[in-house]
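S.K.: need a 3D model of the following:
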Amino acid sequence: MTAVSPVATRVRFSAAGRLVTSLRPVAALLRPYQRLVVASVLVNVGVYIATIAASAAGAALVGRAIAGASSGQLRPLLWLVVGLVIPAGILGWLDMLITHVVSFRLLHNLRLVLYRKFRELAPAYLIERRSGDLARASVADVELIELFTSHIAPPIVAALIVPALALIALAVISPILALVILPFAVAVASAPSWLLERARAQGEALRADLGELGANVVDVVQGSREVLAASASAVVLDRIRRQHGRILRASVAHGRRSSLEQAATETLVGLAAVVTLVTSAALLLDGSISEASYPVAIVIATGAFAPLISVSAAFREVGPVAAAADRIQLLLAARPAVTDQVSASPATEVTPRVVFDGVWFRYGDHLPEVLHGVCFTIEPGETVALVGASGAGKSTCASLLTRLWDVRGGSITIGGHDIRAFPQAGLRELMAIVPQDVYLFHTTIRENVRLGRPDATDEEVELAAELAQAGPFIQALPEGWETVPGERAATLSGGQRQRIAIARALLRDAPILVMDEAVSNLDAESERALHGALQRVSGDRTTLLIAHRPSTIKLADRIVVIDNGQVAETGTYVALCAVEGTLTRLLARSPGEIL
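M.R.: Numbers count the residues shown, from 1 in each chain. Coordinates of the predicted model:
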């Protein structure tokens, strides 16, 4: 008998331990369904037991018939076979039903958990990762977990219980036969662990390559215009072709390992069958077992390997499942850059007075400071324009106000309350935001605007669009308000997308309005009309306006000029243009637009 290396044994146990660790998030998500999981396992075990028992009863019936038993002696066995076949069929149906109920509920729960996690992590975590890769984690990886709940977990338990019961039954017929079968059962059960480390590594490599391919495909689809404009189709296609080559090699390696495991399992099972037949025949010849017991022993011995073969087949896919569980675990374990420090907003009425008090910020521990002690105030009803060259820190100020990131020094207050004294949802209820990069969802124009306030009526949605100067072009669309703008709103111009985003913000009717380059794509006439509408509805609304155009910043009550992450100067447009300062230098560099 070949000795097993202690090092190899440790590797197998280490790999198995890491597999168990990888699947812990899945096990945790199964806790709400403990009863269903237990029922699924018990039913799965019951299917094997009922099937083996029915087969053994049938074998006993045949054995006794060969031994010359009368029809009266055979009739009870016949009814026993019938009585076991029917429950086996019912248990098989229940096994499929319960297992898939557990699986689909788990998938539903896991997807919701991941979507909530994406919301917590955005945008700090997401900007470092590709959207296609994350989408794969939330769809394909979650689907793979169904393999665990349906085809791995129940068979594992059955593989522990059923062979033990079968060996006990064999021992009753013949202890020698049970002892002969035992080593083969152990070998078949342990076969998947022989290459478990390799399976895990191959699974991780395959999932990584598939994730990269998914991200590349998303890039190609979303950047199709840029690819065509740059005549880069051949370069992009070659990149995807190389990615497919890596996937092909990883898939072949995975298939080669799986086939090796399958061959080892089938060889062991075949040898066990031969040994069972030879041993049973020898026991029959020397009178150790009866003719009636001979076929029963064969059936029970064969049945002992059925769950082992099933779990061995399932374990051949354990590499991709473990890799998928690892990716999900990393997502679930990731710490968001911003966390709620309170559960409720301040009880007192909050006035929309915004104060940046000595704000310092950098995007990472090893990155340079973006803001250096920034101080400015926006009074209720006031419109303040943040002006500066690209990279000066203007959009960072807007992101900090909305708590997409937290300040690293100083504070930002609203109505005298530090913004960290609000839960994130409560803080953002105070704000309507028009981002620099407008994203419209693949739904109707009406629903894209209604996103600002989901309970708004159609009349309120259309009024907000009129104020945003969006009504005329929406009504001119082929299907009007029911038009779906397509993937990334490719059918609309930049100015049209901005006006829809502004309508969404106006519909929200929040006390603080943050507009980050919200009118950069509007023509001069549309911009003047929009500003007139904003002035009419502003009231006590506090507005933070980030803009490059002099025509836009002129409309602000006050201008705060940011230079290299610091407040360089502040005042009205007229006052700042009257002195030689940062604003006048920026205007002189580019009279039509501050770059």
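
S.K.: mind pulling the model confidence for the closest residue to I181 other than its chain neighbours?
M.R.: What sits nearest to I181 in space, not counting adjacent residues and going by CB to CB, 6 or more residues apart in numbering, is A301, at 5.4 Å. All C-beta spots, glycine's among them, are computed from the backbone N, C-alpha and C. pLDDT recorded at A301 is 84.

S.K.: helix or strand for A301, which one?
M.R.: Using DSSP states H and E, A301 sits in helix 293-315.

S.K.: and for T265?
M.R.: Under the criterion of DSSP H and E, T265 resides in helix 233-285.

S.K.: any idea of the mean pLDDT in that helix?
M.R.: On average, helix 233-285 scores 78.

S.K.: repeat for stretch 384-400
M.R.: 89.

S.K.: check which residues of that stretch are buried.
M.R.: Using 16 or more other CB atoms under 10 Å as the test for burial, stretch 384-400 gives 384-389, 392-400.

S.K.: related to what we said a few turns ago, how far does the helix holding T265 sit from the chain's center?
M.R.: 30 Å (CA atoms, centre = their mean, to the nearest Å).

S.K.: other SSEs contacting it?
M.R.: With contacts defined as 3 or more CB pairs under 8 Å, 6 or more residues apart in numbering; DSSP states H and E, helix 233-285 has these neighbours: helix 175-194, helix 196-222, helix 293-315.

S.K.: if we can go back for a sec, can you name the residues that contact the residue nearest to I181?
M.R.: 166, 170, 177, 181, 272-273, 276, 280 (CB atoms under 8 Å, 6 or more residues apart in numbering).

S.K.: of the residues you listed, closest to V311?
M.R.: Among the contacts of A301, A166 lies closest to V311 (CB to CB), at 14.5 Å.

S.K.: and the residue nearest to the closest one when sequence neighbours are not counted, what does it touch?
M.R.: Closest residue to A166 apart from its sequence neighbours, by CB to CB, 6+ apart: A304 at 3.6 Å. Counting by CB under 8 Å, 6+ apart, A304 touches 162-163, 166-167, 170, 181, 185.

S.K.: worst average pLDDT in the helices and strands packed on helix 233-285?
M.R.: By mean pLDDT, the lowest-scoring of the helices and strands packed on helix 233-285 turns out to be helix 196-222, with a mean of 65.

S.K.: pretty sure I474 is in contact with G480, am I right?
M.R.: Yes - I474 lies in contact with G480 (CB atoms under 8 Å); the separation is 6.5 Å.

S.K.: comparing these two, which residue is more hemmed in?
M.R.: I474 (23 against 12; other CB atoms under 10 Å).

S.K.: quick one: the strands in the chain, in order.
M.R.: For the chain, the strands defined by DSSP state E occupy 354-361, 371-378, 383-387, 409-414, 417-418, 431-434, 512-516, 542-546, 558-563, 566-571.

S.K.: in TSV: the ones you listed, plus distance to V41.
M.R.: Formatted as TSV, those follow (distance: least, CB to CB, whole Å):
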stretch	distance to V41
strand 354-361	52
strand 371-378	56
strand 383-387	61
strand 409-414	53
strand 417-418	51
strand 431-434	50
strand 512-516	53
strand 542-546	58
strand 558-563	62
strand 566-571	64
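
S.K.: looking at the ones you listed, which is nearest to L80?
M.R.: Closest to L80 of these is strand 431-434 (CB to CB; 72.8 Å).

S.K.: contacts for the closest one next, please.
M.R.: 398, 401-402, 452, 498, 501-502, 504-506, 508-510, 512-516, 518.

S.K.: tally of neighbours for R75?
M.R.: Residues lying near R75 (other CB under 10 Å) number 12.

S.K.: quick thing: my sequence starts at 28, can you match it?
M.R.: Okay, using 28 as the starting number, the last item reads as R102.

S.K.: gap between it and V112?
M.R.: Per CB to CB, to the nearest Å, R102 is found 16 Å from V112.

S.K.: before we move on, back to that, nearest to G442, of the contacts of A331?
M.R.: Using CB to CB, those come closest to G442 at V189, 67.3 Å.

S.K.: thanks a lot, see you next time.
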